[in-house]
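Colleague: Sequence and computational prediction follow.
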Amino acid sequence: MSEVKKISKREFFKKAGLATAGAVGSTALAMPYVKAQAPIKWRLQTYAGPALAEHVCKPGVDAFNKAANGEMEIEMYTADQLVPHGELFRAVQNGTIDAAQSDDDSAAAPVDVKVFGAYFPLASRYSLDVPALWHWHGLNEIWEEAYKDIPEVTWLSTGAWDPCNFGTTKPIKSLADLKGLRVYTFPTGGQFLSRFGVVPVSLPYEDVEPAIQTGELDGVCWCGITEMHTVGWANVLKYFLTNPLSGAWAGSYFVNSEKWNALPDHLKQLYRMSIDTSHYYRQHWYWAGEADYRINGKLELTTIPEAEWKTVEDEAVKFWDEIAAQSPRSARVVEIIKTYNANMVKAGAPYRYGA
């Protein structure tokens, strides 16, 4: 038997050469190398301006970035900061940005169900109606189906925001007071409100407040009273109409499909959980704010009598039927909304009052 020869570490590396050095590098140095990698970076743009984004988007982004522990980082951009809001969906589609938070309607999503995003007139009464409709009455499945037809964009989730009310510089106490009002609002909401003489106006988000100050706008029908105070519009408005056009805004999260598919499963799950964090925060932030600002806010409250407002509610159902005629999928959504609201009336208080 040949003698076992002991060699020093120096001699070992000298004889082993580059191959051995490479092997050591791929094992002993593997963990430090992975940790040193730059994180995955995404750019997300929200529909909201800076003050509002602090509440409707940032809590979820912050939660994700903290939990991702250096593996991934989302950079948040506010309304129109990277691309104009009307081009937001296309920007996700072509990869200009990686993700977006918006309603389908104002982001110009090329799907038939986009009209149900934002504020579909009188479809909901409370913010919990939105997640109930999506999670428990079939709208999640319909949205997944609709967005499968759209290349390079993946729809992930829809949640609730605030109700939609008029904030104006002139008091509204009857339907007649709506005639001729120049109002900043959403596309589908504006289409409906024009039936009552409202003049819908579309302009960049940051131009709304100056337009109210100069008299180019008579007000907004874009949000609830919490948002009017948060973004500063309450400083230039005078009145708040308590009759809601809708009980809650339906907003969604979209991602570029290629970027989404490239993520490991644990980061996908983490991102979905951060979206739920955002949804939950908004539920209690808006619910608390809508009551507080009615009591302690800057705006004078006005109300159209219930019997007169019934005209608007009845017209909304006619509007739903017109939308239903646009596509079989839209008809399915309208039928779900009708059935849901009828069931809420049957359920009685607190789901619906005055039935």
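Modeller: Alright, I've got the coordinates. Numbering: from 1, shown residues only.
Colleague: Is the residue nearest the centre of the chain within a helix or a strand, and which one?
Modeller: By Cα atoms, centre = their mean, the chain has its centre lying nearest to residue 251, at 3.2 Å. Per DSSP states H and E: residue 251 is located in strand 250-256.
Colleague: Tell me the first helix or strand C-terminal of that strand.
Modeller: Note on strand 250-256: by DSSP H and E, the next helix or strand toward the C-terminus is helix 257-262.
Colleague: That following helix packs against which elements?
Modeller: strand 153-160 (3 or more Cβ pairs under 8 Å, 6 or more residues apart in numbering; DSSP states H and E). Every C-beta, even on glycine, is put in place using the N, C-alpha and C of the backbone.
Colleague: One more pass at 10 Å, please.
Modeller: The helices and strands touching helix 257-262, judged by 3 or more Cβ pairs under 10 Å, 6 or more residues apart in numbering; DSSP states H and E, are strand 40-46, helix 88-93, strand 153-160, strand 250-256, helix 265-296.
Colleague: closest one to residue 110 among the ones you listed?
Modeller: Of all the helices and strands packed on helix 257-262, helix 88-93 sits nearest to residue 110, with 7.3 Å by Cβ to Cβ.
Colleague: Point out where this structure drops to low pLDDT.
Modeller: Within the chain, the segments meeting pLDDT under 70 span 1-37, 354-355.
Colleague: let's see it at 50
Modeller: Across the chain, the ranges flagged by pLDDT under 50 are 1-7, 9-10, 12-14, 16-35, 355.
Colleague: that older thread, pick the most buried one from the helices and strands packed on helix 257-262.
Modeller: Highest mean neighbour count of the helices and strands packed on helix 257-262: strand 250-256, a mean of 25 (counted as mean count of other Cβ atoms under 10 Å).
Colleague: what helices or strands is it leaning on?
Modeller: Packed next to strand 250-256, using 3+ Cβ pairs under 10 Å, 6+ apart, are strand 40-46, helix 88-93, strand 99-102, helix 129-136, helix 139-148, strand 153-160, helix 257-262, helix 265-296.
Colleague: what about these, which gets the closest to residue 53?
Modeller: Nearest of the helices and strands packed on strand 250-256 to residue 53, taken as Cβ to Cβ: strand 40-46 at 5.1 Å.
Colleague: how close does residue 343 get to residue 190?
Modeller: 29 Å (Cβ to Cβ, to the nearest Å).
Colleague: the more surrounded of those two?
Modeller: Taking other Cβ atoms under 10 Å, residue 343 and residue 190 do not tie; residue 190 has more neighbours (17 against 12).
Colleague: who's in contact with the more buried one?
Modeller: Counting by Cβ atoms under 10 Å, 6 or more residues apart in numbering, residue 190 touches 183, 184, 198, 199, 200, 201, 202, 221.
Colleague: shouldn't residue 305 be in contact with residue 242?
Modeller: No. With contact defined as Cβ atoms under 10 Å, residue 305 does not reach residue 242; the gap is 11.3 Å.
Colleague: which of the two has more neighbours?
Modeller: More crowded of residue 305 and residue 242, by other Cβ under 10 Å: residue 242, with 15 against 11.
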